[in-house]
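Visitor: Requesting a structural model of the entry that follows:
(2 chains)
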Protein chains: 2
Amino acid sequence: MTGQSAPPRSIKLTYFDFHGGRGEAARIALSVAGIPFEDDRVVFATWAALKPTTPFGGLPMLEVDGRRLSQSNAINRYVGRLAGLYPEDAWEAARCDEIMDAVESLYGDMTPSFGMKGDAQKAERERLVAGPIPLYLRGLAGLLGDREWFVDGRLTMADLKVAETVRHLSSGRLDHIPTDLVENVAPTLAALRKRVVEHPGVRAYYTRFGL
Amino acid sequence: MTGQSAPPRSIKLTYFDFHGGRGEAARIALSVAGIPFEDDRVVFATWAALKPTTPFGGLPMLEVDGRRLSQSNAINRYVGRLAGLYPEDAWEAARCDEIMDAVESLYGDMTPSFGMKGDAQKAERERLVAGPIPLYLRGLAGLLGDREWFVDGRLTMADLKVAETVRHLSSGRLDHIPTDLVENVAPTLAALRKRVVEHPGVRAYYTRFGL
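Guide: As a prediction, this is how the structure comes out:
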């Protein structure tokens, strides 16, 4: 691994006890690479006590030989380098970062709607569907172009992060977001998601959890 | 530069024509390192025509030998590697990423308030001052600890990004955000900002613009 003399002795990834979300790409990456790690899944009942001990009140959190790291893309990048799923080339790495950061920015735009209910949530979600979500989906599809994978000609963290986002947006679990939105707006991203799921290492991860 | 065989022949950084904001750390970094670049400053009158040509409708935008890169921290990381202001060590790099991503997350929390006016903006800004902004300031101060610089024992992109944020929050140009908020909540970050400004390379940048 570039710029690190010895591989870590212990890795613990702490995230919520569900499939998906900001912690999922790192979980999958470690599994794909066969890197042993403590898959610490937090239930909401214990989250209240854990939350004040995190630097910014959020998860995921990575612990490497007892040292902690927060912020999902910082974790994705570190884990991606460990797992061989992050480009060595500086420009390809920058493109991988661009894609992961764009997805985080989309998450940020969507965040307020999760705290809303009823008509307020409906209005906000309709606003997101009319503008911000398609903007990001089209932008990401533009960066993918006619490539099989986003960067480096192979599966990287960028693909894992976008695939999880496509799954989430198409899941039907987000009220007022049509399940065919991605397919309609950015069909190449929906196709990418299928390729990611069919990747042997990713398939093995999902199979392990009966997904 | 790790992972890149040849240095770029041309670099163009496009951002708005003011001091500060998401493009400032990269501008300063290139200047500190003495790397020639086209400092393309966009006035709002021309932004409307440029906006649809960007992947996600935003700036900054970096062009390297004609290839484009968006997302401010992706740009900061690439430019930081070019400028020698980004750690080579994987863990220190991850910590640098954590800090830059946390600042982006704070920006994201603050974004809706910029589109508000009057009482709505006042209420939203007071909410930010009561909770989210101090959360991030304290979290960043915790990551700084008693170090002189955030990571790697020297000035890096993390310091440049946080220093710009401290300047902005303390500038008095953000209605309803007290100019002494950073000093009161996270005095070590205010002190860091002073160290950054006094760094010879950073000082030279500001002097060039009469700041």
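
Visitor: Report the contact partners of the residue nearest to residue A:61 when sequence neighbours are not counted.
Guide: Once flanking residues are discounted, residue A:61 sits nearest to residue A:14: 4.5 Å by C-beta to C-beta, 6 or more residues apart in numbering or on different chains. To be clear about C-beta, it is placed using only N, CA and C from the backbone, and glycine gets the same treatment. For residue A:14, the contacting residues are A:23, A:40, A:42, A:50, A:59, A:60, A:61, A:62, A:63, by C-beta atoms under 8 Å, 6 or more residues apart in numbering or on different chains.

Visitor: quick one: which of those sit in helices?
Guide: residue A:50 (DSSP state H).

Visitor: Show me which of the contacts of residue A:14 are buried.
Guide: A:23, A:40, A:42, A:59, A:60, A:61, A:62, A:63 (16 or more other C-beta atoms under 10 Å in any protein chain shown).

Visitor: Tell me which residue is most central in chain A.
Guide: The centre of chain A sits closest to residue A:161, judged by C-alpha atoms, centre = their mean, with a distance of 3.4 Å.

Visitor: if we can go back for a sec, can you lay out the contacts of residue A:14 as JSON lines showing pLDDT?
Guide: As requested, those are exported to JSON lines (pLDDT from 0 to 100):
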{"residue": "A:23", "pLDDT": "97"}
{"residue": "A:40", "pLDDT": "97"}
{"residue": "A:42", "pLDDT": "97"}
{"residue": "A:50", "pLDDT": "95"}
{"residue": "A:59", "pLDDT": "97"}
{"residue": "A:60", "pLDDT": "98"}
{"residue": "A:61", "pLDDT": "98"}
{"residue": "A:62", "pLDDT": "98"}
{"residue": "A:63", "pLDDT": "98"}
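
Visitor: out of the contacts of residue A:14, which one sits closest to chain B?
Guide: The shortest approach to chain B among the contacts of residue A:14 belongs to residue A:62, at 8.2 Å (C-beta to the nearest C-beta).

Visitor: Bridge partners for that closest one, pull those for me.
Guide: residue A:13, residue A:69 (DSSP bridges).

Visitor: could you point out which element follows the one helix or strand residue A:82 maps to?
Guide: Taking DSSP states H and E as the criterion, residue A:82 maps to helix A:72-83. Downstream of helix A:72-83, the next assigned helix or strand under DSSP H and E is helix A:90-114.

Visitor: after the strand or helix carrying residue A:167, next one along is what?
Guide: Residue A:167 belongs to helix A:157-169 when assigned by DSSP H and E. Downstream of helix A:157-169, the first helix or strand assigned by DSSP H and E is helix A:181-185.

Visitor: Go ahead and name everything in contact with the following helix or strand past that following helix.
Guide: Using DSSP H and E, the next helix or strand after helix A:181-185 towards the C-terminus is helix A:187-198. Residues from elsewhere that reach helix A:187-198 (C-beta under 8 Å, 6+ apart): A:137, A:140-141, A:144, A:146, A:148-150, A:155, A:159-160, A:162-163, A:166-167, A:170, A:182-183, A:202-203, A:206.

Visitor: shaky segments in chain A?
Guide: Scanning chain A for pLDDT under 70 picks out A:1-5.

Visitor: Pull the number of nearby residues for residue A:132.
Guide: 17 (other C-beta atoms under 10 Å in any protein chain shown).

Visitor: what's the spacing between the residue of chain A most remote from its centre and chain B?
Guide: For chain A, the C-alpha farthest from the mean C-alpha position belongs to residue A:119; by C-alpha atoms, centre = their mean, that distance is 28.8 Å. Applying C-beta to the nearest C-beta, to the nearest Å, the value for residue A:119 to chain B is 18 Å.

Visitor: what helix or strand is that residue on?
Guide: Short version: residue A:119 belongs to helix A:118-130, going by DSSP H and E.

Visitor: Name the residues of that helix that are buried.
Guide: Buried residues in helix A:118-130 (16+ other C-beta under 10 Å): A:121, A:124, A:125, A:128, A:129.

Visitor: And for stretch A:126-145?
Guide: Applying 16+ other C-beta under 10 Å to stretch A:126-145 flags A:128-129, A:132-137, A:139-141, A:143-144 as buried.

Visitor: mind listing which of these are in helices?
Guide: Using DSSP H, those in helices are A:128-129, A:132-137, A:139-141, A:143-144.

Visitor: Which of these sits closest to chain B?
Guide: Chain B lies nearest to residue A:139 out of those, by C-beta to the nearest C-beta, at 4.1 Å.

Visitor: is it true that that closest one touches residue B:53?
Guide: No: with the criterion set as C-beta atoms under 8 Å, residue A:139 and residue B:53 do not qualify as a contacting pair; they are 11.4 Å apart.

Visitor: so what's the residue nearest to residue A:30 when sequence neighbours are not counted up against?
Guide: Spatial nearest neighbour of residue A:30, chain neighbours left out: residue A:37 (4.9 Å); criterion: C-beta to C-beta, 6+ apart. Going by C-beta under 8 Å, 6+ apart, residue A:37 touches A:11, A:12, A:13, A:30.

Visitor: For burial, what's the neighbour tally of the second one?
Guide: Spelled out, it's residue A:12. Residue A:12, neighbours per other C-beta under 10 Å, totals 15.

Visitor: Ok, the one 3 residues further on next?
Guide: Summarising burial for residue A:15: neighbours were counted as other C-beta under 10 Å, giving 22.

Visitor: I'd like to check which residues are in contact with it.
Guide: A:21, A:22, A:23, A:24, A:26, A:27, A:40, A:41, A:42, A:59, A:60, A:61.

Visitor: which element is it on?
Guide: strand A:11-16.

Visitor: Tell me how chain A divides into domains.
Guide: Residue ranges for the domains of chain A, per automatic domain parsing: A:11-85, A:90-199.

Visitor: Just the C-alphas of stretch A:194-203, formatted as CSV.
Guide: The C-alpha atoms that make up stretch A:194-203 are tabulated as CSV, following Å, rounded to 0.1, in the frame of the first residue of the first chain:
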residue,chain,number,x,y,z
LYS,A,194,-26.1,-4.5,-12.1
ARG,A,195,-22.4,-4.9,-13.1
VAL,A,196,-21.3,-4.1,-9.5
VAL,A,197,-23.8,-6.6,-8.0
GLU,A,198,-22.5,-9.3,-10.4
HIS,A,199,-18.9,-8.7,-9.5
PRO,A,200,-17.8,-12.0,-7.9
GLY,A,201,-16.5,-10.3,-4.7
VAL,A,202,-19.6,-8.2,-4.3
ARG,A,203,-21.8,-11.1,-5.1
